[in-house]
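K.L.:
Provided below are the primary sequence and the corresponding predicted coordinates.
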Amino acid sequence: MENIISIEHIARIYQVGLEEVHALADVSLKINRNDYVAIMGPSGSGKSTLMNIIGCLDTPSRGIYLFEKENVSQMNDNQLAEIRNQKIGFVFQTFNLLPRSTALHNVELPLIYAGLPKSVRLERAYEALEKVGLADRVDHKPNELSGGQRQRVAIARALVTQPSIILADEPTGNLDSKTGNDIMALFEELHETGNTIILVTHEEEIAQHAQRIIRLRDGLIESNEIVKERTLVGNNE
């Protein structure tokens, strides 16, 4: 099985005044391509810090983080930005859509930063919206969409760069339970077609959709449990 993320003995220490805060103490884990992993933990457990390090939004104070065999723990800001833009699709609780732009333009945005020609951008953005069931909403702006539809646009935007992983931070946090279940069903479909998904949540019911749950407490991995057997599907056959 191809290893996509390898974290070895990472720690993250913040200096707050004269005090050192150990957000992560000593964390090691591996994530393979086409894994579906949930990261859980109470407030202050370190799950947000771990998500920021996995997403190349932060770097560890010590330890090694290999992303597709590249050592990102020692990269500078520009190198980290390149990894984020090309290899990680982010899905946030608050959607983070441009309010005055159409769904199509919101999804196209990462491809503009990547410098792709307009015809390619529009084709890929439309395909991504089609994949999340919004082919009939491409010209709608966020205020013309429901919360669930906005999150689908955000997921399409995460998919459009064809990233190595999708990193979802509390993706159902702003949705009612039925809409949240619809979004989790969409993540399952994406996983079945070969996507690698890392989900950060504090909700047990949401975490149970994943194959594996990593539980953090006090900056350490408390448990790493398989909840569903792995099946090889999609482009990972």
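P.N.:
Done, it's in. Numbering: from 1, shown residues only.
K.L.:
all helices for the chain, in order.
P.N.:
Using DSSP state H, the helices of the chain run over residues 47-54, 77-87, 103-113, 118-131, 147-159, 177-192, 204-207.
K.L.:
could you dump those helices to a markdown table with mean neighbour count and mean pLDDT?
P.N.:
(Each C-beta comes from the backbone N, C-alpha and C, glycine too.) Formatted as a markdown table, these follow (neighbours: other CB atoms under 10 Å; pLDDT from 0 to 100):
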| stretch | mean neighbour count | mean pLDDT |
| --- | --- | --- |
| helix 47-54 | 22 | 94 |
| helix 77-87 | 14 | 92 |
| helix 103-113 | 21 | 94 |
| helix 118-131 | 17 | 96 |
| helix 147-159 | 24 | 96 |
| helix 177-192 | 16 | 94 |
| helix 204-207 | 16 | 92 |
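K.L.:
quick one, which of those is nearest to Gln93?
P.N.:
helix 147-159 (9.0 Å; CB to CB).
K.L.:
now the angle between helix 118-131 and that closest one, please.
P.N.:
Using axes from the mean of the first three to the mean of the last three CA atoms, to 10 degrees, the inter-axis angle of helix 147-159 relative to helix 118-131 is 130 degrees.
K.L.:
just checking the distance from helix 147-159 to the centre of its chain.
P.N.:
Centroid separation between helix 147-159 and its chain, computed with CA atoms, centre = their mean, to the nearest Å, is 12 Å.
K.L.:
with stretch 64-77 instead?
P.N.:
Remark: stretch 64-77 is offset 17 Å from the chain centroid, using CA atoms, centre = their mean.
K.L.:
that stretch: end-to-end distance?
P.N.:
17 Å (CA to CA, to the nearest Å).
K.L.:
still on that earlier bit, make TSV out of the helices of the chain and add distance to Leu167.
P.N.:
Shown next, in TSV, are the helices of the chain (distance: least, CB to CB, whole Å):
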stretch	distance to Leu167
helix 47-54	6
helix 77-87	10
helix 103-113	14
helix 118-131	16
helix 147-159	8
helix 177-192	12
helix 204-207	15
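K.L.:
for Val21, which of these is the nearest?
P.N.:
Val21 sits nearest to helix 47-54 of all the helices of the chain, at 9.9 Å, using CB to CB.
K.L.:
contacts for the closest one?
P.N.:
Helix 47-54 has contacts (CB atoms under 8 Å, 6 or more residues apart in numbering) with 5, 7, 10, 12, 23-24, 27, 39-41, 58-60, 65, 165, 167, 169, 198, 200, 202, 216, 219.
K.L.:
any residues touching stretch 189-198, and which ones?
P.N.:
Contacts of stretch 189-198 (CB under 8 Å, 6+ apart): 4, 31-39, 51, 54, 131, 155, 159, 164-168, 187, 210, 233-236.
K.L.:
name only those of the residues you listed that count as buried.
P.N.:
Buried subset of the contacts of stretch 189-198 (neighbour count, 16 or more other CB atoms under 10 Å): 4, 31-39, 51, 54, 131, 155, 159, 164-168, 187, 210, 236.
K.L.:
what about the residue most central in space within the chain, distance to Ala158?
P.N.:
Centroid-nearest residue in the chain: Leu167, 0.6 Å away (criterion: CA atoms, centre = their mean). According to CB to CB, to the nearest Å, Leu167 stands 8 Å off from Ala158.
K.L.:
likewise for Ile39?
P.N.:
Distance from Ile39 to Ala158, counting by CB to CB: 17 Å.
K.L.:
with adjacent residues omitted, what lies nearest to Leu66?
P.N.:
Ser6 (4.2 Å; CB to CB, 6 or more residues apart in numbering).
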